[in-house]
Every structure is written in structure tokens, then in C-alpha cells.
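Colleague: quick one, structure for this:
(one chain, ligands or ions: 2)
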Amino acid sequence: MTSSSSPSQDTKRFAHAYPEGLRADALMEEDVAWSHEIDGERDGDQFDRSERAALRRVVGLSTELEDVTEVEYRQLRLERVVLVGVWTTGTVQDADNSLAELAALAETAGAVVLDGVIQRRDKPDAATYIGSGKALELRDIVIETGADTVICDGELSPGQLIQLEDVVKVKVIDRTALILDIFAQHAKSREGKAQVALAQMQYMLPRLRGWGQSLSRQMGGGRGGLATRGPGETKIETDRRRIREKMAKMRREIADMKTGREIKRQERRRNKVPSVAIAGYTNAGKSSLLNRLTGAGVLVENALFATLDPTVRRAETPSGRLYTLTDTVGFVRHLPHHLVEAFRSTMEEVGDSDLILHVVDGSHPVPEEQLAAVREVIRDVGATGVPEIVVINKADAADPLVLQRLLRVEKRSIAVSARTGQGIDELLALIDNELPRPSVEIEALVPYTHGKLVARAHTEGEVISEEHTAEGTLLKVRVHEELAADLAPYVPAPAL
Ligand SMILES: Nc1nc2c(ncn2[C@@H]2O[C@H](COP(=O)(O)OP(=O)(O)OP(=O)(O)O)[C@@H](O)[C@H]2O)c(=O)[nH]1
Ligand SMILES: [Mg+2]
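Modeller: Ligands and ions are numbered 1, 2, ... in the order given. As a prediction, this is how the structure comes out:
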């Protein structure tokens with residue numbers, strides 16, 4: 001987990017065994033199609049076999065727990081993991097994609113994925129997530145592969161986690177815990193860190209059991225954990241209370257930080273600078289696009305959730321109008337509910353913008369799924385009604401047929417490559433087109449002593465024509481109301 005405290009342990013465990021490069025490799029799309037490589041051509045018939053299709057090895061976290069009854073949350077280190085999914089609806093392909101994504105997430109968290117299995121069921125088993133027979137098979141796979149953790153592709157109830165653990169005898173975590181862990185590793189700003197910590201605590205609260213000493217480490221933010229081990233009801237009750245207190249404190253802190261950001265945002269709004277939000281599935285190339293559009297140096301990584309803190313950059317349309325571009329946290333299917341809550345304020349920024357650039361990875365096998373997942377979250381935070389341009393990125397690596405399909409279905413869409421620059425000029429022009437136009441059209445004769453007003457007309461408004469006359473600059477402009485008011489004294493009286 002927050003791959004914490006003891007570097008010596010990390011080094012001891014993985015440094016030699018798993019070179020750094022492996023991790024990024026495993027996120028390439030060849031690997032996303034892992035099951036196909038393994039089985040060669042594959043269709044429904046191979047499903048049984050595919051239940052055991054091996055995932056390639058990746059990199060790891062580890063667990064320092066000897067006893068599964070001590071499962072603790074943030075201290076958890078995944079090292080060698082087996083993935084398990086329950087396939088309820090959709091095609092084999094859907095199920096494969098979902099598990100492949102879980103593999104990418106696990107790798108991003110630093111785990112070595114040893115194996116992956118999918119069970120077809122109407123719904124997850126109420127007790128053990130997968131059926132009890134399958135749980136026993138899973139136990140065999142765990143022993144066979146020497147895995148120390150099982151990751152389930154869904155959100156499990158506390159009871160399911162415990163009962164499955166009791167069968168497989170290693171730590172069991174779910175997709176939510178995994179995503180929370182990645183977020184915890186990647187959050188950089190104080191606000192981001194606090195939001196993730198809060199979401200983790202919220203997730204943890206109903207899952208506490210017999211934690212003993214781990215909790216004091218956890219809540220003490222690394223102040224060492226020599227508190228006496230003493231599970232039992234009373235201890236858990238105390239722990240719960242402490243978590244609740246800590247959560248209340250964090251909520252207050254987050255509210256304060258939010259105020260600061262809010263003020264900045266209002267400033268931008270007052271200045272009437274139109275804002276464009278870059279949203280989209282994780283790893284779609286949002287940060288790359290921001291860099292390509294503005295030359296800004298934002299971290300680009302072939303990892304999921306490289307960006308967790310919104311970055312705002314100034315940009316200019318080809319016609320010279322200023323606007324802001326905001327890079328945002330990536331979306332993922334089944335984004336843990338706590339995180340949607342935690343990042344609500346960040347995502348509200350998307351809803352508040354004048355235009356959304358919805359970036360989708362055109363080289364993904366089914367970009368439509370990513371589009372749908374992102375739209376669901378956008379709806380969830382009530383950010384509907386903002387015009388959207390679908391930016392199909394990675395056109396350089398995409399299947400032309402997929403591109404064609406998307407361009408046809410998505411009304412306002414464009415294929416680009418942040419890597420090669422393909423389509424970027426067209427996108428810039430499209431942004432220019434879609435940004436709200438200032439509402440007031442006026443003509444003003446601005447004296448040369450007021451050059452500042454002319455400059456503002458250029459950055460804040462749209463200059464239709466400009467002429468230098470003996471009396472001053474004759475402007476024909478479209479501007480927002482405030483600037484119109486400032487220019488009003490120089491509007492020539494209508495000739496009678
Ligand atoms: N082939 C190709 N790869 C691209 C393109 N744009 C981005 N990438 C790669 O895709 C990966 C993810 O890019 P990012 O810009 O970090 O993606 P992001 O959407 O900001 O990701 P998160 O912040 O993690 O959600 C990186 O390895 C990029 O080099 C593109 O146009 N073509
Ligand atoms: Mg990014």
C-alpha cells in the first residue's frame with residue numbers, strides 16, 4: 001500500500017527480482033490483450049481454459065502480514081497477486097478487458113500479476129464472491145503460484161472479503177482498495193492527499209477487525225507503531241472512534257483548502273476567461289494533450305492515474321483569445337464511490353468549465369466503454385450541460401476502423417495524436433469555435449492614452465477590426481459586459 005515506511009524491505013524483496021522496466025511494459029496494449037496471446041486465437045470455447053489463463057508477471061508490493069486475521073489496510077503490500085473476476089453480463093471480450101484493466105491497475109500499484117481467473121455467474125456469491133467450489137480452486141492456484149494476495153474485480157462487502165480470505169488463506173482485497181492505494185501513491189498536493197486519506201478511512205471503517213498495533217501506525221501518519229497489540233472489541237471500538245475523529249478533522253481541512261481553490265476559480269471567472277477542462281479515462285493521454293496544446297510540462301506516464309491534481313494552464317486560441325486549460329484526474333470504470341465523493345470538488349471543475357475536451361484512447365480495443373464510463377461519472381457529479389468535444393487521441397496507434405466508427409458515432413469529435421501532433425491544429429480551431437463568444441458587439445474609438453483597453457479587447461474579447469486613426473484606435477469588437485462598460489465612454493455617439 002502507500003508503499004510505506006521500510007525501504008529496506010522493499011529493496012530486499014523486489015529490487016533484484018523485478019527490474020523497473022517490466023512495470024511500464026506490462027501496460028502496453030499488447031499486454032492488455034494478454035489472454036489472446038496466451039491462448040492464441042480465442043473465442044467462447046476456450047473460456048474454461050481461460051479461467052486459468054496466466055497473466056504475465058509484473059512488479060510487486062508485498063505483505064508483511066504472517067497471519068491473515070491481521071489484515072490491515074494501508075500497510076498492506078501487494079507483491080505476488082492472483083486476480084479474480086465474476087463475469088455476469090456482456091461478452092467474453094468484456095470480461096477479458098475488465099480483468100486486463102485490473103491487471104494494469106495492479107501493476108500500477110506495483111504488484112506482480114501471476115494469474116487471473118474469471119468465473120461466469122449470474123451474480124457474485126453473497127458469501128465468498130466467487131462460488132465456494134471456485135474458491136477452493138482459487139486456493140489451489142494461490143498455492144501453485146505462491147501468491148500472497150488475491151485481488152477481486154469489484155467492490156466486496158467486508159463479509160465477503162473475510163470469508164474468501166478464510167478459504168484462500170491469503171490476503172484478499174478488492175478493486176476499490178487497489179484504486180485507493182494507487183491514488184494514495186500518486187496524490188501530490190495537500191488537498192489531493194487529504195482527499196485520498198479521507199476516502200481510505202471511509203473504506204476502512206466498516207472493515208476494521210483485530211488490527212491491534214497497525215492502526216496506531218496508520219493513524220499516526222508514520223509516527224512509528226509500538227503501541228501494544230491488542231485486538232478485541234474494545235480496541236476496535238476505540239480505533240473506530242479515532243478514525244471518525246480524524247475523518248471529521250480532515251473534512252474540515254479539506255473544506256478550507258477548497259475555499260482557497262474556489263477563490264482562484266472565481267477570480268478566473270470574474271476575468272471572464274473561458275475555461276476548457278480536459279477530462280477522460282485514465283491513461284488516455286490527457287496530460288500529453290495539455291502539453292501539446294500549451295507546451296506545459298505536465299507529468300506524462302504510462303501508468304494509470306499519473307495525474308491526480310488538477311493543473312491549470314493558460315492557452316490562446318489561433319485568433320488570440322485567452323482561455324484556461326485544466327488537466328484533471330483520470331476516470332476509471334467502477335471508480336470507488338468514496339473517491340467520486342472525495343474528488344467531487346475537483347470534478348466539479350469539469351462541470352464548471354465552458355467546454356469539455358473528452359479525451360479517449362483511440363488505440364484501446366473498445367474506446368466506447370471508456371467514453372461511457374467517463375460520462376457516467378460526469379453525470380454523477382452533475383456536470384451535464386457543458387458542451388463536449390470528443391478528442392480521439394493516439395490516432396497514430398489506433399485501428400483506422402475504430403477511428404472511423406468513433407468519428408461517425410460521436411457528433412463533435414476529432415482524431416488527434418498528442419504524440420505526433422496530428423490533428424492538433426484542427427483541434428485548436430475547433431476549440432476556438434466552441435468557446436463561448438463574448439456577447440456584446442460594439443465599436444469604440446479608444447484614445448492612444450488608453451492602450452491598456454485595446455490590449456484587453458484583444459485578450460478578453462474578439463477583435464473584428466482595428467484601425468489606427470488620428471484620434472485613436474478604432475475598434476470593432478465583441479466583448480463581455482464588463483469590458484463593454486469600460487469601453488462605453490469611447491463609443492462614438494450615433495451619427496444623426
Ligand atoms: N501512441 C501514442 N501514445 C500516446 C499519445 N498520447 C499519449 N500517449 C501515451 O499514453 C500514456 C499516457 O499518457 P498521459 O498523458 O500520462 O495520460 P493521462 O490521460 O494524463 O493519464 P492519467 O493522468 O494517468 O490519467 C503515455 O505513455 C503517453 O506517452 C499519442 O497520441 N499516441
Ligand atoms: Mg495525466
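
Colleague: residues contacting P438?
Modeller: K272, E460, G461, E462, R478, V479, H480, L483 (CB atoms under 8 Å, 6 or more residues apart in numbering). Every residue, glycine included, has its C-beta placed from N, CA and C.

Colleague: pretty sure it is in a helix, no?
Modeller: No. The assignment for P438, made by DSSP: H, G, I helix; E, B strand; the rest coil, is coil rather than a helix.

Colleague: just the buried ones from the contacts of P438, in PyMOL syntax?
Modeller: Buried residues among the contacts of P438 (16 or more other CB atoms under 10 Å), as a PyMOL selection:
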select buried, resi 272+460+461+462+478+479+480+483
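
Colleague: out of the contacts of P438, flag the one nearest to ligand 2.
Modeller: K272 (27.6 Å; CB to the ion).

Colleague: quick check, pLDDT for the closest residue to that closest one other than its chain neighbours.
Modeller: Among residues not flanking K272 along the chain, H480 sits closest, at 4.4 Å (CB to CB, 6 or more residues apart in numbering). Reported pLDDT at H480 in the predicted model: 83.

Colleague: from A418, how far off is H480?
Modeller: Distance, H480 to A418, using CB to CB, to the nearest Å: 31 Å.

Colleague: how about the contacts made by the residue nearest to K272?
Modeller: K272, P438, S439, V440, E460, G461.

Colleague: export the residues you listed to JSON lines and tack on distance to A197 and pLDDT?
Modeller: Output for the contacts of H480, formatted as JSON lines (distance: CB to CB, whole Å; pLDDT from 0 to 100):
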{"residue": "K272", "distance to A197": "36", "pLDDT": "70"}
{"residue": "P438", "distance to A197": "42", "pLDDT": "77"}
{"residue": "S439", "distance to A197": "44", "pLDDT": "78"}
{"residue": "V440", "distance to A197": "47", "pLDDT": "85"}
{"residue": "E460", "distance to A197": "40", "pLDDT": "81"}
{"residue": "G461", "distance to A197": "44", "pLDDT": "82"}
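
Colleague: circling back to that earlier point, now, which of the contacts of P438 lie within strands?
Modeller: E462, R478, V479 (DSSP state E).

Colleague: got those as CSV, with distance to ligand 1 columns?
Modeller: Below are these laid out as CSV (distance: CB to the nearest ligand atom, whole Å):
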residue, distance to ligand 1
E462, 31
R478, 34
V479, 34
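
Colleague: and which of these is nearest R252?
Modeller: V479 (41.3 Å; CB to CB).

Colleague: my read: the closest one touches V440, true?
Modeller: Yes. Applying CB atoms under 8 Å, one finds V479 in contact with V440, separated by 5.6 Å.

Colleague: how many other residues sit next to whichever residue of the stretch 51-200 of the chain sits closest to ligand 2?
Modeller: Nearest residue of the stretch 51-200 of the chain to ligand 2, counting by CB to the ion: H186, 9.7 Å away. As a burial measure, H186 scores 21 neighbours (other CB atoms under 10 Å).

Colleague: quick check: phi and psi on it?
Modeller: Taking degrees, to the nearest 10, you get phi -100, psi -20 for the backbone angles of H186.

Colleague: show me the strands in the stretch 251-400 of the chain, by range?
Modeller: 275-280, 311-316, 322-327, 355-361, 388-393 (DSSP state E, counting those that start in this stretch).

Colleague: the first one pairs with which strands?
Modeller: Under the criterion DSSP bridges, strand 275-280 sits next to strand 322-327 (parallel), strand 355-361 (parallel) in its sheet.

Colleague: does the first one reach ligand 2?
Modeller: No. Contact of strand 322-327 with ligand 2 is not found when judged by CB under 5 Å from the ion; the minimum separation is 6.0 Å.

Colleague: for that strand, give the mean pLDDT please.
Modeller: pLDDT averaged over strand 322-327 gives 82.

Colleague: would it count as contacting ligand 1?
Modeller: No. On the criterion CB under 6 Å from any ligand atom, strand 322-327 is out of touch with ligand 1, staying 6.6 Å away.

Colleague: give me the contacts around that strand.
Modeller: 268, 273-278, 286-287, 290, 293-294, 298, 307, 310-317, 349-350, 353-354, 431, 435, 459-460.

Colleague: among the residues you listed, which ones are buried?
Modeller: By 16+ other CB under 10 Å, the contacts of strand 322-327 give 268, 273-278, 286-287, 290, 293-294, 298, 307, 310-313, 315, 317, 349-350, 353-354, 431, 435, 460 as buried.

Colleague: so which of the residues you listed are in helices?
Modeller: Counting by DSSP state H, the buried ones among the contacts of strand 322-327 place R268, K286, S287, L290, L293, T294, E349, V350, I431, E460 in helices.

Colleague: can you put these in CSV and add distance to ligand 2?
Modeller: Formatted as CSV, these follow (distance: CB to the ion, whole Å):
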residue, distance to ligand 2
R268, 21
K286, 5
S287, 3
L290, 8
L293, 13
T294, 14
E349, 15
V350, 14
I431, 19
E460, 29
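
Colleague: so which of the strands of the stretch 251-400 of the chain is nearest G131?
Modeller: Among those, the nearest to G131 by CB to CB is strand 355-361 (34.2 Å).

Colleague: just want the angle from the closest one to helix 286-294.
Modeller: 120 degrees (axes from the mean of the first three to the mean of the last three CA atoms, to 10 degrees).

Colleague: tell me the angle of strand 355-361 relative to strand 388-393?
Modeller: 30 degrees.

Colleague: hey, C-alpha coordinates of strand 355-361 in PDB?
Modeller: The C-alpha coordinates for strand 355-361 follow below in PDB (Å, rounded to 0.1, in the frame of the first residue of the first chain):
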ATOM      1  CA  LEU A 355     -16.100  23.300 -22.700                       C
ATOM      2  CA  ILE A 356     -15.000  19.700 -22.000                       C
ATOM      3  CA  LEU A 357     -12.300  18.100 -24.100                       C
ATOM      4  CA  HIS A 358     -13.200  14.500 -23.600                       C
ATOM      5  CA  VAL A 359     -10.100  12.600 -24.400                       C
ATOM      6  CA  VAL A 360     -10.400   8.900 -25.200                       C
ATOM      7  CA  ASP A 361      -7.700   6.400 -26.100                       C
END
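
Colleague: great, nothing more from me.
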